[in-house]
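Participant: here you go, sequence then predicted model.
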Amino acid sequence: MLFVMTGAVFSQAGEGYSPGVFGLGMRSSLNFFPAFKPDDESAMGMGAGGMWRLAFAKRVNTEWFFDLIHSSASSGNYRKDYHIGWSVQFALPKRGFGGNVPTPYILGGQCFDLTQVGLASGGSMTKPVFSAATQAGLGLSQYLTRRFELNAQAQYMIHLTRDVHVEYSEATGEYEISDNKGPSIGGHVLLTLSMSYYFADLF
Amino acid sequence: MREKTIMKKGIFILWLSFSGITAGAQNNVFSDGTSLSTLATLGIGKAKYWEQIKLYAHLEAEVRPASSRLSVAGTLLPQLNAATMYSLTDVNGNVHDVGGRSHYLLFGSYYHFLSSDSPVELFAGIQPGVAFLHTPNEVKLENDSSLTIQYGITAAPVASATAGAAWHGSYFKLFVQTKGIIGRSSNEVFRAPLREIMISFGLGLYLR
């Protein structure tokens, strides 16, 4: 039924990128959690999610997203993140988004994060830890058709309120879960590849 | 008994396909040349950490706008058999299979190498999505040879790449396609990279 409805609005959609266009999409991400202190451990993760996009001006687009990310470290310790957030994208060329050539842009936004971590040595994962985060980075937009857009993004996300992660304790000689309250630069890198289809013109 | 259940599910899916064709023959949905194809068939998959071949119901819907090389495709792959992941041998030498399932929900896009006017389709695409894993959480093999398995259900992110070919008539479509799925599951129940390749073919509904 969803696909029939989607198909039915193809002929009613707006003409390419312009303020007010609205689209839905899916995204895959690679996540890298670097180690900032000798006791920290780095982790790699993979994510999948969805989003909608709403354009506000020729050079300003917005993205509202949800991600599920699973990550693990070489030690076997692991973490799970749920992201829900938004970002504003500002096109660097004066012509704005759209057209037949790639459009580089800068982006920034905010995100709410639920994180669970677990130790390879056993036991349950922590309860979900809520934190607010902010992210910024660079992106590249390419329209394959007038309504179909591919995006590649590289961002860095910093947790502003609370950060839970695994670190090695010299005292005990074991990995332990660390729960820090307050800002931390120990965030993570997100590399995202997404595709969106614009099918409505809202204003 | 398990084979009979799988057989019944297979017959039901084939019935869905043919009932769709009958319904499609009575409709002319898109006057602008947009095509909609749906398919319901069986597929098989081989995954890392699963010893046995997995059997899937392959349910897919694809919308391709007129004169466009790109289409939007949503795929649901429920695993029908509890395929063996590994086996345990008790003190009496009896072998006990420990099974598990993975179901996939994927949504993405296919690129078609031939124009929409051609009855032949060659396509490739990418679909991010989610795997729903029903895997053993706790396995106990008692001295009396009884096996107790506690299962857990978890969701994990995945991405898939698809390549395939199809031929369509006025209301139906014959197709063959293969999917590669990669992902990662990090939780208490199942912690492992997900790797799977699957193939399916069959008959679907095609409307234009």
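Facilitator: Good, I have the coordinates.
Participant: switch to C-alpha atoms for all contacts and neighbour counts from now on
Facilitator: Fine.
Participant: what sits against B:His134?
Facilitator: B:100-102, B:151-154 (CA atoms under 8 Å, 6 or more residues apart in numbering or on different chains).
Participant: next one: B:Ala47
Facilitator: Contact analysis of B:Ala47 by CA under 8 Å, 6+ apart lists B:53-54, B:194-197.
Participant: check the gap between it and A:Ser74 for me.
Facilitator: Using CA to CA, to the nearest Å, we find B:Ala47 at a distance of 22 Å from A:Ser74.
Participant: again with B:Leu203
Facilitator: For B:Leu203 relative to A:Ser74 (CA to CA), the value is 45 Å.
Participant: wait, what's in contact with B:Ala57?
Facilitator: B:10, B:13, B:40-43, B:76-80.
Participant: any idea how far it lies from chain A?
Facilitator: 19 Å (CA to the nearest CA, to the nearest Å).
Participant: nearest residue to that residue in space, please, no chain neighbours.
Facilitator: Of all residues not flanking B:Ala57 in the chain, B:Leu42 sits nearest, at 4.6 Å (CA to CA, 6 or more residues apart in numbering or on different chains).
Participant: so that neighbour makes contact with B:Leu203?
Facilitator: No: here B:Leu42 lies out of contact with B:Leu203, judged by CA atoms under 8 Å, at a distance of 10.3 Å.
Participant: which bits of chain B sit near chain A?
Facilitator: B:30, B:32, B:34, B:36, B:61-63, B:65, B:68, B:107-109, B:127-130, B:156-159, B:183-188 (CA under 8 Å from any CA of the partner chain).
Participant: can we see that at 7 Å?
Facilitator: B:34, B:63, B:65, B:107-108, B:128-130, B:156-159, B:183-186, B:188 (CA under 7 Å from any CA of the partner chain).
Participant: just the buried members of those?
Facilitator: B:34, B:63, B:65, B:107-108, B:128-130, B:156-159, B:183-186, B:188 (16 or more other CA atoms under 10 Å in any protein chain shown).
Participant: okay, and which of those map to strands?
Facilitator: B:63, B:107-108, B:128-130, B:156-159, B:183-185 (DSSP state E).
Participant: okay, and the helix or strand of the chain with the least pLDDT?
Facilitator: Using chain A. helix A:2-9 (a mean of 38; mean pLDDT, DSSP states H and E).
Participant: moving C-terminal of it, what's the next helix or strand?
Facilitator: Next helix or strand after helix A:2-9 toward the C-terminus (DSSP states H and E): strand A:21-33.
Participant: just the buried positions in that following strand, please.
Facilitator: Buried, per 16+ other CA under 10 Å, within strand A:21-33: A:21-33.
Participant: list of residues touching that strand?
Facilitator: A:14, A:42-55, A:187-202, B:107-108, B:128, B:159 (CA atoms under 7 Å, 6 or more residues apart in numbering or on different chains).
Participant: output stretch B:191-208 as PDB, restricted to C-alpha atoms.
Facilitator: Extracted C-alpha coordinates of stretch B:191-208, given in PDB (Å, rounded to 0.1, in the frame of the first residue of the first chain):
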ATOM      1  CA  ARG B 191      28.100 -10.700  19.200                       C
ATOM      2  CA  ALA B 192      29.500 -11.300  15.700                       C
ATOM      3  CA  PRO B 193      30.000  -9.800  12.300                       C
ATOM      4  CA  LEU B 194      27.000 -10.700  10.000                       C
ATOM      5  CA  ARG B 195      27.900 -12.000   6.600                       C
ATOM      6  CA  GLU B 196      25.500 -13.700   4.300                       C
ATOM      7  CA  ILE B 197      24.900 -14.300   0.600                       C
ATOM      8  CA  MET B 198      21.500 -15.300  -0.700                       C
ATOM      9  CA  ILE B 199      19.900 -16.100  -4.000                       C
ATOM     10  CA  SER B 200      16.200 -16.200  -5.100                       C
ATOM     11  CA  PHE B 201      14.200 -16.500  -8.300                       C
ATOM     12  CA  GLY B 202      10.600 -16.700  -9.200                       C
ATOM     13  CA  LEU B 203       7.600 -14.900 -10.600                       C
ATOM     14  CA  GLY B 204       6.200 -11.600  -9.500                       C
ATOM     15  CA  LEU B 205       3.500  -9.100 -10.200                       C
ATOM     16  CA  TYR B 206       4.300  -6.300 -12.600                       C
ATOM     17  CA  LEU B 207       2.100  -3.200 -13.200                       C
ATOM     18  CA  ARG B 208       2.800  -0.200 -15.300                       C
END
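Participant: and the ones in strands among the buried ones among the residues of chain B next to chain A as JSON lines, adding pLDDT?
Facilitator: Shown next, in JSON lines, are these (pLDDT from 0 to 100):
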{"residue": "B:Val63", "pLDDT": "89"}
{"residue": "B:Phe107", "pLDDT": "92"}
{"residue": "B:Gly108", "pLDDT": "91"}
{"residue": "B:Pro128", "pLDDT": "93"}
{"residue": "B:Gly129", "pLDDT": "94"}
{"residue": "B:Val130", "pLDDT": "94"}
{"residue": "B:Ala156", "pLDDT": "94"}
{"residue": "B:Pro157", "pLDDT": "95"}
{"residue": "B:Val158", "pLDDT": "95"}
{"residue": "B:Ala159", "pLDDT": "95"}
{"residue": "B:Gly183", "pLDDT": "93"}
{"residue": "B:Arg184", "pLDDT": "89"}
{"residue": "B:Ser185", "pLDDT": "90"}
